[in-house]
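Chemist: One predicted model, sequence on top.
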Amino acid sequence: MSNAEDVPQARVVVQQCLSARLQVKPASQENEAEYVEVGRGIIIYVCFLKGATEDLLEKMVRSILAVRLSESEPNGKLVSVLDLPGDVLIVPQATLGGKTKGKAMQYHSNIAKTEGQELYTKFCTMCAETFETSTKTKEANKTVKHGTYGNRQVLTVVTNGPYTHVLDF
């Protein structure tokens, strides 16, 4: 955790995937729906909480992209998404900051929407820059794709097991 009170400033869920498809813009009368797609790699669901600042982003990117959560072939040894190499799909997920109160969910711990959007955009950029400087991901033509902040999105995931981890920063 990031501060003295051990209160998280960001919550992330990392899920291994074989492929994923995220609708980033719904269909309209004039246009078809728009999607981003990734192949084998990880999905990063991210929520920024009150107290989050840019100072946290470098640690988040370094930790998430370097942690060994992806099964390599043929031996099944766990490697990072950079070493796999694999794709990354980043999904803004404000609901990760929710807490129950009675039968309802409350999101009082979440950062303000404008601040969250700024941090999300910078987080996505930093992940993409890390991929651009990685020889393995560059040579394998792996990419970082991301959803749109503040919009409802439709996600389809094919996973090789419910291999999901929650990380607090």
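Modeler: It's in.

Chemist: Look up the closest residue to Phe131, ignoring the ones flanking it.
Modeler: Distances taken as Cβ to Cβ, 6 or more residues apart in numbering place Thr137 nearest to Phe131, at 4.6 Å, with adjacent residues excluded. For glycine as for every other residue, the C-beta is placed from the backbone atoms N, C-alpha and C.

Chemist: ok, now which ones touch that neighbour?
Modeler: Leu82, Pro85, Phe131 (Cβ atoms under 8 Å, 6 or more residues apart in numbering).

Chemist: at 10 Å what do you get?
Modeler: Listed by Cβ atoms under 10 Å, 6 or more residues apart in numbering, the contact set of Thr137 reads 41, 65, 81-88, 130-131, 143-144.

Chemist: Over to Thr156?
Modeler: Ser19, Ala20, Arg21, Leu22, Gln23, Tyr35, Glu37.

Chemist: Who does the fourth one form a beta bridge with?
Modeler: When bridges are assigned using DSSP bridges, the partners listed for Leu22 are Val36, Leu155.

Chemist: Which pLDDT does the model give it?
Modeler: With respect to pLDDT, Leu22 scores 98.

Chemist: Next, Phe48: phi, psi?
Modeler: Dihedral angles phi and psi of Phe48 (degrees, to the nearest 10) take the values phi -100, psi 140.

Chemist: And for it, the neighbour number?
Modeler: By the criterion of other Cβ atoms under 10 Å, Phe48 has 31 neighbours.

Chemist: Could you do Lys50 as well?
Modeler: 14.
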